[in-house]
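Chemist: Just a sequence and a predicted model for now, questions to come.
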Amino acid sequence: MTDASQELLHELLRRVHQLMDRLEQQDRELRDDNTSMRGQLLALQGDLNNMRRTLIRIEDRLDQVERRLELRDFQEMAQSPFDSGT
């Protein structure tokens, strides 16, 4: 009876070891996936920051253009009051 119980115990230990090996492999895969996702999120954050900077530059340029147009409108208005319309 002890031989049978020892064999059963060894078989159970082998199964536990197999399960632990599988769990360790899955844990490594999850960690690798997590690391990959973290890297992708960092890249995405960098892309968003670049887009924000570009948008700020575009807004600044648009503000400059608007100011120039307002100055031109002001200059044209300053010259046109003396026109009689004919």
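Modeler: In hand now; what should we look at?
Chemist: any idea how far the spatially most central residue of the chain is from residue 36?
Modeler: Computing the C-alpha centroid of the chain and ranking residues by Cα atoms, centre = their mean puts residue 44 first, at 2.4 Å. Using Cβ to Cβ, to the nearest Å, residue 44 is found at 13 Å from residue 36. To be clear about C-beta, it is placed using only N, CA and C from the backbone, and glycine gets the same treatment.
Chemist: do the same with residue 21
Modeler: Separation of residue 21 from residue 36 (Cβ to Cβ) stands at 23 Å.
Chemist: likewise residue 55?
Modeler: Distance of residue 55 to residue 36, given as Cβ to Cβ: 29 Å.
Chemist: which residue ranges form the helices in this structure?
Modeler: Secondary structure of the chain by DSSP state H: the helices cover 2-79.
Chemist: For this protein, give me the ranges with low pLDDT.
Modeler: Where the chain drops to pLDDT under 70, the residues are 1, 80-86.
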